[in-house]
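Colleague: Give me coordinates for this.
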Amino acid sequence: MRLMFSDTGYAVYVLWDIAPRRFRNWYVNVESPYRRTSFGFDTFDQELHIVVDPDLTWRWKDVENLDALVEAGMFSTAEKESIWGWGRQAAS
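Modeller: Numbering: from 1, shown residues only. Below is the predicted model of the structure:
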């Protein structure tokens, strides 16, 4: 299940194992706030993620991927700071 919030730079996925059917974890995907289009909704993955285990311990994921994309010019330093801001908001 994917939970998207208007004007929010992240979505929360609720993940389940199929067999045995049990809750696996939450997965926070930092992404551009979604926009409604004529086809549905549009967003863009910002490459920073958070994995939250059932015991509520959490960890950053793909930090090095974001750094590499900034280095390659895909994101600016200002965009990187905004991405981290959304990530910190989601983690709090």
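
Colleague: from here on, contacts and neighbour counts on C-alpha atoms
Modeller: OK.

Colleague: Return the set of buried residues in the helix or strand hosting V28.
Modeller: Using DSSP states H and E, V28 sits in strand 22-31. Neighbour counts over strand 22-31 (16 or more other Cα atoms under 10 Å) mark 25-31 as buried.

Colleague: Repeat that for stretch 57-70.
Modeller: Buried, per 16+ other Cα under 10 Å, within stretch 57-70: 61, 66-67, 70.

Colleague: for stretch 77-92, same thing?
Modeller: For stretch 77-92, by 16+ other Cα under 10 Å, it's 80, 83-84, 86-87, 90.

Colleague: Please name the nearest non-neighbouring residue to T8.
Modeller: Distances taken as Cα to Cα, 6 or more residues apart in numbering place P33 nearest to T8, at 5.1 Å, with adjacent residues excluded.

Colleague: these two touch, right, that neighbour and Q46?
Modeller: No. Taking contacts as Cα atoms under 8 Å, P33 lies outside contact range of Q46: 10.3 Å.

Colleague: Which one of those two is surrounded by more residues?
Modeller: More crowded of P33 and Q46, by other Cα atoms under 10 Å: Q46, with 23 against 18.
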